[in-house]
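Asker: quick one, fold the following:
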Amino acid sequence: MNCTLNNSRKISGLHFTTQHSGKMAGMVSISTSVTTNERCKKNASIKGSICEKCFAAKQMKVFPSMEKPMVENQRILTSEILPAEKLPTINNLYFRFEAFGDLNNATQVKNYFNMCYKNPRVKFALWTKNPDYIAEAIADGYAKPENLNIVLSSLFLNKQRPNPFPFVDKVFTVYDPDHIAAENIDINCGARNCFACGLCYEKNGVAVINEKLK
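Answerer: Predicted coordinates for the structure are as follows:
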């Protein structure tokens, strides 16, 4: 049986989100849970961080049924390297890693890389504040997939994170309206629809993505 997004829970236990709303409408993704990610919990306690205003944590309070499958995703993805037959064949233009959570270890990165290798025609993007896990996976011999954009998320509101990582394609930062006006920040994440925009998923030379705080 070929593994797809529709039957993956039966084959591997992995849950894929295929019914996004808001700016993610029309997109597909796989995520782990912020509630069981130790770095996410630590970042949420840092004053001035964007994690203080965590969208995913709010979503899970509104839709508590989201949490269980994402916790299960975390358990599966971080504990072993899944064989290719347990990774789905994906029939989508764009795919997002971690719409609601973040990386937990290098094993998770390797599973995400393998998913990209299996689906070379799909354009993937991974958002993370934990690039050290990616560096570890690459040091272990895993090459960054050509069809993957790695987006480094800035921890602090109104402050772009430095990017010393050669494998990072873009840096994503959120700004509040006052800072945007005072510093004349160019907001290029404003289409309100990721599928129609595609800026983060395409190989377009754009290295800085700025979003207005919602």
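
Asker: neighbours of the closest residue to residue 113 other than its chain neighbours, how many?
Answerer: Excluding the flanking residues, the one nearest residue 113 by Cβ to Cβ, 6 or more residues apart in numbering is residue 142, at 5.1 Å. From N, CA and C alone the C-beta is placed, and that goes for glycine too. Around residue 142 sit 18 other residues, with neighbours defined as other Cβ atoms under 10 Å.

Asker: element containing residue 142?
Answerer: Here residue 142 is covered by no helix or strand, with elements defined by DSSP states H and E.

Asker: how much space between it and residue 81?
Answerer: Applying Cβ to Cβ, to the nearest Å, one obtains 10 Å for the distance of residue 142 from residue 81.

Asker: and for the two, which residues touch both?
Answerer: By the contact definition Cβ atoms under 8 Å, 6 or more residues apart in numbering, residue 142 and residue 81 are jointly contacted by residue 110.

Asker: quick check: the residue nearest to residue 113 vs residue 107, distance?
Answerer: 11 Å.

Asker: residue 126 too?
Answerer: Relative to residue 107, and taking Cβ to Cβ, residue 126 is found at 15 Å.

Asker: likewise for residue 100?
Answerer: 19 Å.

Asker: which of the two has more neighbours?
Answerer: Of the pair residue 100 and residue 107, residue 100 is the one with more neighbours under other Cβ under 10 Å, namely 25 against 19.

Asker: dihedrals phi and psi, that one?
Answerer: The phi and psi values for residue 100, taken as degrees, to the nearest 10, are phi -130, psi -20.

Asker: what do you get for residue 175?
Answerer: Main-chain dihedrals, residue 175, degrees, to the nearest 10: phi -120, psi 150.

Asker: what sits against residue 197?
Answerer: Residues in contact with residue 197 (Cβ under 8 Å, 6+ apart) are 189, 191.

Asker: tell me where this protein has helices.
Answerer: Remark: helices assigned in the chain by DSSP state H are 8-11, 38-44, 55-62, 67-79, 106-118, 131-139, 177-183, 194-197.

Asker: which of these sits closest to residue 164?
Answerer: helix 131-139 (9.1 Å; Cβ to Cβ).

Asker: what helices or strands is the closest one leaning on?
Answerer: helix 106-118, strand 148-153 (3 or more Cβ pairs under 8 Å, 6 or more residues apart in numbering; DSSP states H and E).

Asker: and the ones you listed: which comes nearest residue 180?
Answerer: strand 148-153 (18.0 Å).

Asker: perfect, that will be all.
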